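Undergrad: Please find the sequence and the predicted model below.
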Amino acid sequence: MNPVQLIEPRRFGDARGWFTETYNEAAFHARGIPSRFVQDNHSLSVSAFTLRGLHFQSPPDAQDKLVRCIRGRIYDVAVDVRRGSPSYGQWVAAELSAENGHQLFIPVGFAHAFLTLEPNCEVVYKCSALYAPASDGGIRWDSAGIDWPLPAGTAPELSDKDKVLPSLDDFESPFAYDGRPLLPLS
């Protein structure tokens with residue numbers, strides 16, 4: 001089973017709008033996602049082409065994440081940073097939007113980032129561990145060969161923290177490979 005999973009919740013609609021179940025512990029366990037989520041985060045990115053990442057938390061505070069976009073559209077990316085993984089440094093991405101309702105599950109051992117594709121994007125995500133500043137880490141957004149959907153000549157909007165993250169080549173991973181290589185998203 002792919003460690004990174006694209007989740008496509010069903011929407012039930014009528015004249016009033018729609019309803020969807022975004023998380024159900026039993027259903028996620030049946031998909032091979034046994035995470036218990038303990039923290040929810042919500043971000044607003046005002047400018048289009050704001051890039052947040054590539055982030056992770058190191059053990060013992062490592063986090064699984066369940067990400068969705070509730071306003072706008074984002075390009076959501078997971079990079080395999082598990083030492084010894086045959087897919088180390090490889091990445092997968094999906095467009096998440098308020099319209100499509102898709103979610104991306106990103107397990108421990110993957111760096112995560114997203115690029116906003118339009119102004120005023122809101123992103124919410126569940127985490128399996130609480131934020132721990134001492135375990136906060138990341139790699140530089142442009143060091144993993146990601147094909148970011150940026151218009152020609154456009155530089156992403158980055159935080160000061162993200163501008164100085166180490167490159168993937170200079171990164172010593174604290175994550176061990178668990179036997180599940182990264183596969184394309186289906």
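TA: That came in fine, so what should we check first?
Undergrad: Just the buried residues of stretch 100-107, please?
TA: Neighbour-count burial for stretch 100-107, counted by 16 or more other Cβ atoms under 10 Å, picks out 101-107. (Glycine included, C-beta is placed from N, CA and C.)
Undergrad: With stretch 82-90 instead?
TA: So stretch 82-90, judged by 16+ other Cβ under 10 Å, has buried residues 82, 85, 87-90.
Undergrad: I'd like these as JSON lines, with distance to Leu185 and pLDDT appended.
TA: As requested, the buried residues of stretch 82-90 are arranged in JSON lines below (distance: Cβ to Cβ, whole Å; pLDDT from 0 to 100):
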{"residue": "Arg82", "distance to Leu185": "17", "pLDDT": "98"}
{"residue": "Ser85", "distance to Leu185": "17", "pLDDT": "98"}
{"residue": "Ser87", "distance to Leu185": "13", "pLDDT": "97"}
{"residue": "Tyr88", "distance to Leu185": "18", "pLDDT": "98"}
{"residue": "Gly89", "distance to Leu185": "17", "pLDDT": "98"}
{"residue": "Gln90", "distance to Leu185": "12", "pLDDT": "98"}
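Undergrad: which one of those residues sits closest to Arg71?
TA: Distances from Arg71 to the buried residues of stretch 82-90, taken as Cβ to Cβ, are shortest for Gln90 (29.8 Å).
Undergrad: Show the contacting residues for that closest one.
TA: 79-80, 182 (Cβ atoms under 8 Å, 6 or more residues apart in numbering).
Undergrad: Distance of it relative to Asp76?
TA: From Gln90 across to Asp76, the span is 16 Å (Cβ to Cβ, to the nearest Å).
Undergrad: what do you get for Glu99?
TA: 14 Å.
Undergrad: between those two, who's got more neighbours?
TA: Asp76 (27 against 10; other Cβ atoms under 10 Å).
Undergrad: With just CA atoms, put the helix or strand where the more buried one lies into CSV.
TA: Element membership of Asp76 [criterion: DSSP states H and E] is strand 73-80. Provided in CSV are the C-alpha atoms of strand 73-80 (Å, rounded to 0.1, in the frame of the first residue of the first chain):
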residue,chain,number,x,y,z
ARG,A,73,-6.6,25.6,-4.9
ILE,A,74,-3.1,24.3,-3.9
TYR,A,75,-0.5,22.0,-5.3
ASP,A,76,0.3,19.7,-2.4
VAL,A,77,3.6,17.7,-2.3
ALA,A,78,5.1,14.9,-0.3
VAL,A,79,8.8,14.1,-0.6
ASP,A,80,10.2,10.7,0.6
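Undergrad: Now find how far off-centre the helix or strand following it is within its chain.
TA: Per DSSP H and E, the first helix or strand lying C-terminal to strand 73-80 is strand 82-83. Strand 82-83 sits 17 Å away from the centroid of its parent chain (Cα atoms, centre = their mean, to the nearest Å).
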